[in-house]
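In: Here is my input; please provide its structure:
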Amino acid sequence: MKDTPAQAGLDPALVDEAYPLQKHMGFYLTAWEDGYARFELPMQHFLLNRYGLLHGGIHAMMIDTVIGYAGCWTGDPDNKRFGMTLSLNVNYLGRLQGQTLIAEGWKTGGGRSNWFAEAKITDELGTLAATGTGALRYRKGGTLAT
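Out: Model prediction:
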């Protein structure tokens with residue numbers, strides 16, 4: 001995946017190559033540390049619903065993604081963690097005004113097997129569009145099945 005200017009501060013060894021959905025949708029990681037992650041998504045016409053508004057599923061996808069990353073930080077590219085969402089709640093609060101969706105997520109608690117997280121969706125103008133919470137589980141073995 002080609003680095004974006006916002007990824008300049010990330011350790012390249014920690015940034016995975018974009019998976020097919022990520023490539024198609026165009027979102028990318030801009031910050032990642034213990035208990036926190038941030039993704040950005042440039043607004044595109046194909047992300048809109050029939051009313052010309054950002055489709056609600058995009059909010060949910062970005063919240064799901066960012067809370068997953070927030071709980072899976074290890075700081076070690078040779079020791080990656082992966083998780084699965086058990087439940088996801090999305091609250092739609094307003095309409096984005098800017099040109100970039102910004103998803104931020106925070107791990108809020110949990111234990112060895114599960115964790116809880118919260119997220120918010122804003123734009124570069126600071127407009128709050130959605131919030132979300134989730135319960136997630138760490139994948140056993142730490143790696144994805146192929």
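
In: for this structure, what spans make up the helices?
Out: 20-25, 56-71 (DSSP state H).

In: Please spell out which residues along the shortest one are buried.
Out: So that's helix 20-25. Buried residues in helix 20-25, defined by neighbour count with 16 or more other C-beta atoms under 10 Å: 22, 25. Glycine gets a C-beta too; all of them are placed from N, C-alpha and C.

In: Repeat that for stretch 42-59.
Out: 47, 54, 58-59.

In: Can you tell me which of these is closest to residue 70?
Out: residue 59 (16.3 Å; C-beta to C-beta).

In: How much space separates that closest one from residue 116?
Out: Residue 59 sits at a distance of 19 Å from residue 116 (criterion: C-beta to C-beta, to the nearest Å).

In: Against residue 88, how distant is residue 105?
Out: Distance from residue 105 to residue 88, by C-beta to C-beta: 12 Å.

In: Can you name the residues bridging to residue 121?
Out: Beta-bridge pairing for residue 121 (DSSP bridges): residue 103, residue 130.

In: so how many other residues sit close to it?
Out: Neighbourhood size, residue 121 [other C-beta atoms under 10 Å]: 29.

In: repeat for residue 138
Out: 18.

In: Can you pull up the most central residue in this structure?
Out: Nearest residue to the geometric centre of the chain (C-alpha atoms, centre = their mean): residue 66, 2.3 Å.

In: Which residue, neighbours along the chain excluded, lies closest to that residue?
Out: residue 105 (3.4 Å; C-beta to C-beta, 6 or more residues apart in numbering).

In: give the contact list for the one you found.
Out: Applying C-beta atoms under 8 Å, 6 or more residues apart in numbering, we find residue 105 in contact with 36-38, 63, 66-70, 117-119.

In: now with 6 Å?
Out: Going by C-beta atoms under 6 Å, 6 or more residues apart in numbering, residue 105 touches 37, 66-67, 70, 117, 119.

In: All set, thanks.
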